[in-house]
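Engineer: Dropping the sequence and predicted coords here.
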Amino acid sequence: MKNIFLQYAKKINKRFVPALISIFLLGFTASVSIVYETAIPGGGHGTMDSVAIWVAKNSEESIIFITDKTMGYLEMHNPNTNKYIGRIGGNGSAEGKLGYPNGVGVAYDVPTNKGLKDLVFAVERDNNRVSMFSLPEQEFIGSFGGTKLDEPYGIAFYKDGETLQAWITNAGNNPNTVAIYNITATNSGATGNFVRDFDTAGELESIVIDPDHEEAYICDESENRNIMVYDLKGNFKKRIGQGLFTEDPEGIALYDIGNGKGWLVVSDQNSTPTQFEIFERGTLQHLGYFSGKTDGTDGLTLTQYPLPNFPNGSFYAVHSDKRVHAYDWKDIADATNLSVRVFDRAATAVKQDIDVDISVPGNFSLSSVMPNPYSLSNGQPMSGSAHFELNLLESESVTVKIYNVLGQEIFQFANHQQLPAGKHQFAWNVRNKMGELVPAGIYLIAVRTNKIQKMTKMSIVR
């Protein structure tokens, strides 16, 4: 029986032996219907490659961005109405023009000359740079790259303490590299300051970073056809997905269900239809795949922010170089026995998830607030100050702030202050930075070190 199986295995594509074993053990397969596909604008467009979504605080103003790499545009569609909005860029090397945009990404609350702004980043292969446009204005505010970028492709974001970093895959170098930039404000907008780069062992495509597990996952479209895992210092750890991909692993995204759990979603470009492979966060075990009517997928993205027509989040994948297919994450979750978790867009400035488990192991512990709820009578405090305790296991640079649920900073106890190991008591008199009593509502106490952030909630009631 064993010899018969081996003889048969030699006749079929090498992908199917490990895939069959995976399915026999635990892998799922699922078919999911698309909700809609984006339209081709009047006059047509070129070859579409990557996709990103910006969810506005007024979610009806949200935008899907698709890179048109041959005509040099970011094409825009409304994810709620599925209507074409317009374009940014156009072929060229001048400021605001785009030269073969490959990757695209959106970052929220980025420092600029006009304060914190949401930005869309376009990675330009032929101009060896990354251009940034403010949202919702769609105005060019700066670029970075130059000599450190060589045929850049993918982009991922990571918060290093208070600093936003952009990680860019370079496909022109030998070996291919990942270049890291700190995004900072300038007098005219924003820029990226080069930090470092590191060599890799593959032909690079898309990249995503898991901040909880402190790992970067990079699609390798060489003959290896798998996902490379690096730590955030640039050290190679391992490969995952060997034998799973028919051709190139292209798009990659992370779904967060809290406490370091969730999934990676990776597109298998040349399977027909496209198979979206699912890996478990942390263990990186392959769980299975889902597919729809989508073919030839390069880029993909997902959002866990609700939209009017997608209250449970949504998933987007490029289809046959021409359109984007939109999926309801609830449909995906139901078909694959995964779960749904949505975040509050209005609280992005604080943290995507306000339901933090404060018992998660880390380099410090954060107590609950006492009293909670805190009572006001006729607009005046009845309970004295609200208290909480921070216990540091080692000396740390600590930031302690209070936010409302809109993500607005209300009060600051410490900002990158070096505190010794031990217990630290904090008392808040429920007043803002101006000394005014705050209104009743939910407030978030956020503590951040260079390694980890934790939060706890308190209620103020009348």
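Structural biologist: All right, it came through fine. Numbering: from 1, shown residues only.

Engineer: switch to C-alpha atoms for all contacts and neighbour counts from now on
Structural biologist: Fine.

Engineer: Following the helix or strand harbouring Tyr255 in sequence, what is the next regular element?
Structural biologist: Secondary structure assigned from DSSP states H and E places Tyr255 in strand 249-258. Using DSSP H and E, the helix or strand that follows strand 249-258 in sequence is strand 261-268.

Engineer: buried stuff in that next one?
Structural biologist: Across strand 261-268, burial judged by 16 or more other C-alpha atoms under 10 Å covers 262-268.

Engineer: Would it be right to say that Asp331 lies in a strand?
Structural biologist: No: the assignment for Asp331 is helix, going by DSSP: H, G, I helix; E, B strand; the rest coil, so no strand is present there.

Engineer: excluding its backbone neighbours, what's nearest it?
Structural biologist: Closest residue to Asp331 apart from its sequence neighbours, by C-alpha to C-alpha, 6 or more residues apart in numbering: Val32 at 6.6 Å.

Engineer: Same check on Ala317?
Structural biologist: In space, and not counting its chain neighbours, Ala317 is closest to Leu300: 4.3 Å by C-alpha to C-alpha, 6+ apart.

Engineer: residues near the one you found, how many?
Structural biologist: Under the neighbour criterion other C-alpha atoms under 10 Å, Leu300 is assigned a count of 28.

Engineer: per the record, what domains does the protein have?
Structural biologist: The record's domain split for the chain, according to automatic domain parsing, is 16-343, 364-461.

Engineer: Now render these as a markdown table, adding mean pLDDT.
Structural biologist: What follows is the domains of the chain, written out as a markdown table (pLDDT from 0 to 100):
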| stretch | mean pLDDT |
| --- | --- |
| domain 16-343 | 94 |
| domain 364-461 | 82 |
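
Engineer: Quick check: which of those is buried the most?
Structural biologist: With neighbours taken as mean count of other C-alpha atoms under 10 Å, these reach their highest mean count in domain 16-343, at a mean of 20.

Engineer: quick one: that one to chain centroid distance?
Structural biologist: Centroid separation for domain 16-343 versus its chain: 8 Å, with C-alpha atoms, centre = their mean, to the nearest Å.

Engineer: And for stretch 419-439?
Structural biologist: Centroid separation for stretch 419-439 versus its chain: 31 Å, with C-alpha atoms, centre = their mean.

Engineer: what's the straight distance from one end of that stretch to the other?
Structural biologist: Between the start and the finish of stretch 419-439 there is a gap of 31 Å, counting by C-alpha to C-alpha, to the nearest Å.

Engineer: neighbouring contacts of it?
Structural biologist: Contacts with stretch 419-439, where a contact means C-alpha atoms under 8 Å, 6 or more residues apart in numbering, come from 379-381, 384-398, 410-413, 460.

Engineer: what's the answer for stretch 177-190, then?
Structural biologist: Contact partners of stretch 177-190, identified using C-alpha under 8 Å, 6+ apart, comprise 110-114, 132, 141-143, 148-149, 163-171, 191-200, 204.

Engineer: Narrow these to those in strands?
Structural biologist: 110-112, 132, 141-143, 163-170, 191-199, 204 (DSSP state E).

Engineer: related to what we said a few turns ago, let me know the angle separating the strand holding Tyr255 from strand 261-268.
Structural biologist: 170 degrees (axes from the mean of the first three to the mean of the last three C-alpha atoms, to 10 degrees).

Engineer: Can you list the helices and strands that strand 249-258 packs against?
Structural biologist: Strand 249-258 is packed against strand 204-210, strand 215-220, strand 261-268, strand 300-303, with contacts defined by 3 or more C-alpha pairs under 8 Å, 6 or more residues apart in numbering; DSSP states H and E.

Engineer: Mind doing that once more with 6 Å?
Structural biologist: Contacts of strand 249-258 with other secondary structure elements, assessed using 3 or more C-alpha pairs under 6 Å, 6 or more residues apart in numbering; DSSP states H and E, are made with strand 261-268.

Engineer: List the strands paired with the strand it packs on, with their directions.
Structural biologist: Strand 261-268 has its sheet partners listed here by DSSP bridges as strand 249-258 (antiparallel), strand 275-280 (antiparallel).

Engineer: what angle sits between it and strand 204-210?
Structural biologist: Going by the same axes, to 10 degrees, strand 261-268 is angled at 170 degrees with respect to strand 204-210.

Engineer: which residues sit against strand 261-268?
Structural biologist: Defining contact as C-alpha atoms under 6 Å, 6 or more residues apart in numbering, one finds that strand 261-268 is touched by 245, 249-256, 274-281.

Engineer: Repeat the analysis, applying 8 Å as the threshold.
Structural biologist: Contact with strand 261-268 is made by 245-256, 274-282, 297-300, as judged by C-alpha under 8 Å, 6+ apart.

Engineer: try stretch 322-338
Structural biologist: 28-40, 45-48, 51, 66, 290, 294, 310, 312-319, 339-340.

Engineer: likewise stretch 68-88?
Structural biologist: Contacts made with stretch 68-88 from outside it, assessed by C-alpha under 8 Å, 6+ apart, are listed as 36-39, 41, 45-49, 60-67, 89-92, 97-102, 122, 138, 307-309.

Engineer: now do 6 Å
Structural biologist: Contact partners of stretch 68-88, identified using C-alpha under 6 Å, 6+ apart, comprise 46-48, 63-67, 89-91, 98-102, 309.

Engineer: In CSV, list the C-alpha atoms belonging to that stretch.
Structural biologist: Once side chains and other backbone atoms are set aside, the C-alpha atoms of stretch 68-88 remain, and they are given as CSV (Å, rounded to 0.1, in the frame of the first residue of the first chain):
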residue,chain,number,x,y,z
ASP,A,68,-2.6,50.5,-10.9
LYS,A,69,1.0,49.8,-11.5
THR,A,70,1.1,50.3,-15.3
MET,A,71,-0.7,53.6,-15.4
GLY,A,72,0.8,54.8,-12.1
TYR,A,73,-2.3,55.5,-10.1
LEU,A,74,-3.9,54.7,-6.8
GLU,A,75,-7.5,53.9,-7.9
MET,A,76,-10.2,54.6,-5.3
HIS,A,77,-13.6,53.1,-4.6
ASN,A,78,-16.1,53.5,-1.8
PRO,A,79,-16.4,50.2,0.1
ASN,A,80,-20.0,51.0,1.2
THR,A,81,-21.5,52.0,-2.1
ASN,A,82,-19.0,50.1,-4.4
LYS,A,83,-18.7,53.3,-6.5
TYR,A,84,-15.5,54.4,-8.2
ILE,A,85,-14.3,57.7,-6.6
GLY,A,86,-11.2,58.7,-8.6
ARG,A,87,-7.5,58.4,-8.8
ILE,A,88,-4.3,59.7,-7.1
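
Engineer: before we move on, the earlier item: restricting to C-alpha, output the strand holding Tyr255 in PDB.
Structural biologist: Coordinates of the C-alpha atoms in strand 249-258 are reproduced here as PDB (Å, rounded to 0.1, in the frame of the first residue of the first chain):
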ATOM      1  CA  PRO A 249       2.400  33.400  -2.100                       C
ATOM      2  CA  GLU A 250       1.500  37.000  -2.700                       C
ATOM      3  CA  GLY A 251      -0.700  38.900  -0.400                       C
ATOM      4  CA  ILE A 252      -0.600  38.500   3.400                       C
ATOM      5  CA  ALA A 253      -2.700  40.000   6.300                       C
ATOM      6  CA  LEU A 254      -3.200  39.500  10.000                       C
ATOM      7  CA  TYR A 255      -6.500  39.000  11.900                       C
ATOM      8  CA  ASP A 256      -6.300  39.800  15.600                       C
ATOM      9  CA  ILE A 257      -8.700  38.200  18.100                       C
ATOM     10  CA  GLY A 258      -6.800  39.400  21.200                       C
END
